[in-house]
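Chemist: Need a 3D model of the sequence below.
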Amino acid sequence: MKRRFRTAAWVIQLTAVSCGIVLGQAPPPTILTIDLENFVEYRQSILYDPATWATDPSVTTVVTPAKNFHLVMLLGDIVAVNGQPAKGLYVGRTKGIIATPTPVPGNAIADVARTSLRDYVFEILKSDGAPVGTVFGSGFAGGPPPPGAPLDSQGSNYAITGGTGAFLGARGQLTEGPGGGRSALMTEDPFYRRIHGGNKKRYILHVIPMYMPQIVVTPDGPAVTHSSDFTRVTASKPAVAGEILSLFVTGLGPTIPSVDPGQRFPSSPPAVVNSPVEVRVNGKSAEIIPAVGFPGAVDGYQVNFRLPSDAANGPATIQVSAAWIAGPGVTIAVQ
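Modeler: Next up is the predicted model:
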């Protein structure tokens, strides 16, 4: 085991020298589709005393149309990210504006059509309940998506203003996909939200992360080794289909147990990456055998994975993602 860590540490030490140009580039944008269920929009009414809010155990019905400057709170359960099972909480806070170039009395005249100003928070968990990170933002609901938005966008114009955990420092833009919340009154008790049910909704996040996974590249090539002896995978010593390989990577984010920013990972207990990690070989997902912070390294990780048994001979592209954010690929030889 000591020889294993010494060999891998030599690879990690070359990161600053060999990856300086790559790490200086801006991370590429990532598209995250977040699917919600039990999505409910709780609308405030001036007819109800605040003492009555969140007290009615029955389903409530909104019978009057929304007016300008109305307040709405939105709650929904995150159930999937990019089609993969997930958990978490969506909360939105909306202040109605009902802006339009063709207003009627009570509307706000404007050069664009928007329905409200909204703040939002997505707190994302893995399917087992482990925290991944949170995305924050604000902007306009309703109306068309902004220029350059993902093609599946159906409307709204939000900015991603930051994040925590795996999404620390994220920026970008967010738009709405299909679906919408069930309208209710703020008197309805949200304790019963999953019992009474709500609607399905999709949001589309165009994320520019602060950091991304990157496989270390040394002067001799990518830091991909045979797990059996930690010798480098090369053209003269290629990988074999079904073999367990080790990657040395930066940018996988927080671990469990966590370490203070800028501090080295411990050797015991292992610092396991708490975000979903995926290794793709020629676009096909591979079996992961834990991804951990490398002992003694700062932002250096070891990811063991099994090369798919049907991997074809020849060059193979390896790509790593964490929290659904993918890094650039590298090429290794497979025989």
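
Chemist: contacts, neighbours, all on C-alpha from now
Modeler: Will do.

Chemist: Using the record, which stretches count as separate domains in this protein?
Modeler: 2-27+212-334, 30-208 (automatic domain parsing).

Chemist: could these go into TSV alongside mean neighbour count and mean pLDDT?
Modeler: TSV is the format used below for those (neighbours: other Cα atoms under 10 Å; pLDDT from 0 to 100):
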stretch	mean neighbour count	mean pLDDT
domain 2-27+212-334	18	85
domain 30-208	18	94
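
Chemist: separation between residue 110 and residue 158?
Modeler: 18 Å (Cα to Cα, to the nearest Å).

Chemist: cool, and residue 258?
Modeler: 32 Å.

Chemist: those strands in the stretch 201-335 of the chain, which residues are they?
Modeler: Assigned by DSSP state E, counting those that start in this stretch, the strands in the stretch 201-335 of the chain fall at 214-215, 217-218, 221-222, 224-226, 244-250, 255-256, 271-273, 277-281, 284-285, 287-293, 301-306, 314-322, 325-326, 330-334.

Chemist: which residues are in contact with the fifth one?
Modeler: If I follow you right, that is strand 244-250. Strand 244-250 is contacted by residues 8, 11-12, 212-216, 223-228, 230, 239, 299-307 when judged by Cα atoms under 8 Å, 6 or more residues apart in numbering.

Chemist: How about stretch 194-208?
Modeler: 27-40, 59, 149-150, 152-153, 160, 170-182.

Chemist: try stretch 90-102
Modeler: Residues contacting stretch 90-102 (Cα under 8 Å, 6+ apart): 36, 66-78, 107-123.

Chemist: same question, stretch 161-168
Modeler: Under Cα under 8 Å, 6+ apart, the answer for stretch 161-168 is 132-138, 169-172, 209-210, 252-254, 275, 323.

Chemist: next one: that stretch to chain centre, how far?
Modeler: 9 Å (Cα atoms, centre = their mean, to the nearest Å).

Chemist: Same check on stretch 203-214?
Modeler: 7 Å.

Chemist: Over to stretch 51-66?
Modeler: That offset, for stretch 51-66, works out to 33 Å (Cα atoms, centre = their mean).

Chemist: likewise stretch 183-191?
Modeler: With Cα atoms, centre = their mean, you get 29 Å for stretch 183-191.

Chemist: again, but for stretch 216-224
Modeler: The answer for stretch 216-224 is 27 Å, by Cα atoms, centre = their mean.

Chemist: what about it, how long is it end to end?
Modeler: End residues of stretch 216-224 are separated by 8 Å (Cα to Cα).

Chemist: sec struct for the residue nearest to residue 127 when sequence neighbours are not counted, please.
Modeler: Using Cα to Cα, 6 or more residues apart in numbering and skipping residues adjacent in sequence, the residue nearest residue 127 is residue 86, 4.3 Å away. Secondary structure state of residue 86, per DSSP: H, G, I helix; E, B strand; the rest coil, is strand.

Chemist: Correct me if wrong: residue 86 contacts residue 122.
Modeler: No. Under the criterion of Cα atoms under 8 Å, residue 86 is not in contact with residue 122, lying 11.8 Å apart.

Chemist: list the contacts for the spatially most central residue of the chain?
Modeler: Central residue of the chain (Cα atoms, centre = their mean): residue 323, 4.8 Å from the mean position. Taking Cα under 8 Å, 6+ apart, we find residue 323 in contact with 132, 166, 275-277.

Chemist: Just want the phi and psi numbers for it.
Modeler: Taking degrees, to the nearest 10, you get phi 50, psi 40 for the backbone angles of residue 323.
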